[in-house]
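**Q** Need a 3D model of the sequence below.
(one chain, ligands or ions: 2)
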Amino acid sequence: MDLLEYQGKQLFARHGLEVSPGKAVTTVEDAVTAAGEVGYPVVVKAQVLIGGRGKAGGVKLADNEDEAREHAGNILGMDIHGHLVRTLWIEHASDIATEYYASVLLDRSAKAPLVMFSIEGGVDIEEVAEQTPEKLIRHHVDALKGLSREEAVRIATEGKADADVIEGVADALVALYEVWIKEDATLAEINPLIVTPQRQVKALDAKVSLDGNALYRHPENQDLSDTENEDPIEVRAREQGVQYVKLDGDIGILGNGAGLVMSTLDVVAQAGGKPANFLDAGGGSDAAKIKQAVELILENEAVKAVLFNIFGGITRCDEVAKGLIAAFGEIQPDVPFVVRLDGTNDVAGRELLKEASLPNVHPARTMNEAAELVVELAAKSGAPA
Ligand code: GDP
Ligand code: MN
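**A** Ligands and ions are numbered 1, 2, ... in the order given. The predicted structure follows:
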């Protein structure tokens, strides 16, 4: 679960990281009022779940009310890499002497938490990692002991932080590690972690992802989930208990079991197609569930063809076929479907489909055959949207 910057900063503040005072607003008038309250100069910041807001024009400094109004008006409603700006964070602007970088995440291959620090902050950290890897300090932490202050001082020193802020940076790293471990975050990142001319160390940005499976341990974090800024289809899917992730292609995908769906995405990509979604209908999918899933897939207007890839185990292929027939009875999709049924009751399932002779439904025997066919059909299918 990704958090907006201002929500991440709330968690930072909870654990003693220095952040600027600010207010989240959704209208221009509230933005101007908030700016007056936090005190000029302010920075007007788009709150979207994607980085690079500054470069996209979603972060602007304002010295007075006129500028605050102008920037708020421009940024609200802005599209930043496909994310619509509905919320602004108005923060008292900081003076910046230096921009650093800090993050904590889990390094799965090392099976340990990883703290990263660089004095090359404010920029794309992937670039630093690639071009000047020696400037990105990577330090694995003993998860049972946690990050000690001495370790944090060593990281800051090794990273060549300015001598007079080594202690401040170490404090920030310890606090960031605490955010990561105590809030059950999967990522806690600060870019930039700034040093002010007064030599204060402070988080100017926040990128925090929380582990959704651990949310039950943090009732106070439940309402941080940002359904308003999330994709509406993903929100509905979650309400229905369906695992759905929207992707940016045009081939709708449904499979049963996350592993099968993942390989279906791969096979479609190999066949030259672009999946429009990940949808795991789960085990034991019955007719009602399949109908729901078809509706979710077709809600995405980019979808030009759909691939059903079912391997029957607990899931019975005849149930899936019934679900598909029921769905077609009600929604009459205008895009082609390719259906691969294999496993438990597959013969019965295929027989049902054949009897129903649904328009625009194409059976396929193997996964590769199904992928090739669906890519071909999507290419032919006139875009419905
Ligand atoms: P991002 O572009 O989405 O990573 O958004 P950031 O919150 O990191 O802001 C982008 C850049 O805007 C930062 O790297 C800073 O250079 C600048 N910026 C953000 N807040 C302030 C501020 O309070 N004062 C000043 N002078 N610059 C700021
Ligand atoms: Mn940033």
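
**Q** Tell me, how many residues neighbour the nearest residue to L298 once chain neighbours are set aside?
**A** Residue nearest to L298 in three dimensions, not counting chain neighbours: P333, with 5.6 Å by C-beta to C-beta, 6 or more residues apart in numbering. Every C-beta, even on glycine, is put in place using the N, C-alpha and C of the backbone. Number of residues near P333 (other C-beta atoms under 10 Å) recorded here: 21.

**Q** So which elements touch the longest helix seen in the chain?
**A** Longest helix in the chain, counting residues (DSSP state H): helix 166-182. Counting contacts by 3 or more C-beta pairs under 8 Å, 6 or more residues apart in numbering; DSSP states H and E, helix 166-182 is packed against helix 5-14, strand 98-107, strand 112-118, helix 149-158, strand 185-195, strand 201-203.

**Q** tell me the mean pLDDT over that helix?
**A** For helix 166-182, the mean pLDDT works out to 98.

**Q** contact partners of that helix?
**A** Helix 166-182 is contacted from outside by 11-12, 14-18, 100, 102-105, 113, 115, 117, 141, 146-149, 152-153, 155-157, 159, 161, 185, 187-188, 190, 193, 195, 199-201, 203, 208, using C-beta atoms under 8 Å, 6 or more residues apart in numbering.

**Q** Let me know the angle separating that helix from strand 185-195.
**A** 160 degrees (axes from the mean of the first three to the mean of the last three C-alpha atoms, to 10 degrees).

**Q** Restrict helix 166-182 to CA atoms and write it as CSV.
**A** The C-alpha trace of helix 166-182 is given here as CSV (Å, rounded to 0.1, in the frame of the first residue of the first chain):
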residue,chain,number,x,y,z
ILE,A,166,27.0,13.4,10.6
GLU,A,167,25.1,13.3,13.9
GLY,A,168,21.9,14.7,12.3
VAL,A,169,22.1,12.3,9.4
ALA,A,170,22.6,9.4,11.8
ASP,A,171,19.6,10.5,13.8
ALA,A,172,17.5,10.6,10.6
LEU,A,173,18.7,7.1,9.5
VAL,A,174,17.8,5.6,12.9
ALA,A,175,14.4,7.3,12.8
LEU,A,176,13.8,6.1,9.2
TYR,A,177,14.7,2.6,10.2
GLU,A,178,12.3,2.8,13.0
VAL,A,179,9.5,4.0,10.6
TRP,A,180,10.3,1.0,8.4
ILE,A,181,10.3,-1.6,11.2
LYS,A,182,7.6,-0.3,13.5
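
**Q** how far out from the middle of the chain is it?
**A** Distance, stretch centre to chain centre, for helix 166-182: 24 Å (C-alpha atoms, centre = their mean, to the nearest Å).

**Q** quick one: contacts for S381?
**A** Applying C-beta under 8 Å, 6+ apart, we find S381 in contact with 304-305, 335-336.

**Q** near ligand 1, which residues of the stretch 201-350 of the chain?
**A** 204-205 (C-beta under 6 Å from any ligand atom).

**Q** residues from the stretch 201-350 of the chain in reach of ligand 2?
**A** Residues of the stretch 201-350 of the chain lying close to ligand 2 (C-beta under 5 Å from the ion) are D205.

**Q** mind running it again at 8 Å?
**A** Selection of the stretch 201-350 of the chain residues close to ligand 2 by C-beta under 8 Å from the ion yields 204-205, 207.

**Q** ok, how many other residues are close to A185?
**A** When neighbours are counted by other C-beta under 10 Å, A185 registers 24.

**Q** and the residue nearest to L298, what helix or strand is that in?
**A** In the assignment (DSSP states H and E), P333 maps to no helix and no strand.

**Q** likewise I310?
**A** In this assignment (DSSP H and E), I310 forms part of strand 305-312.
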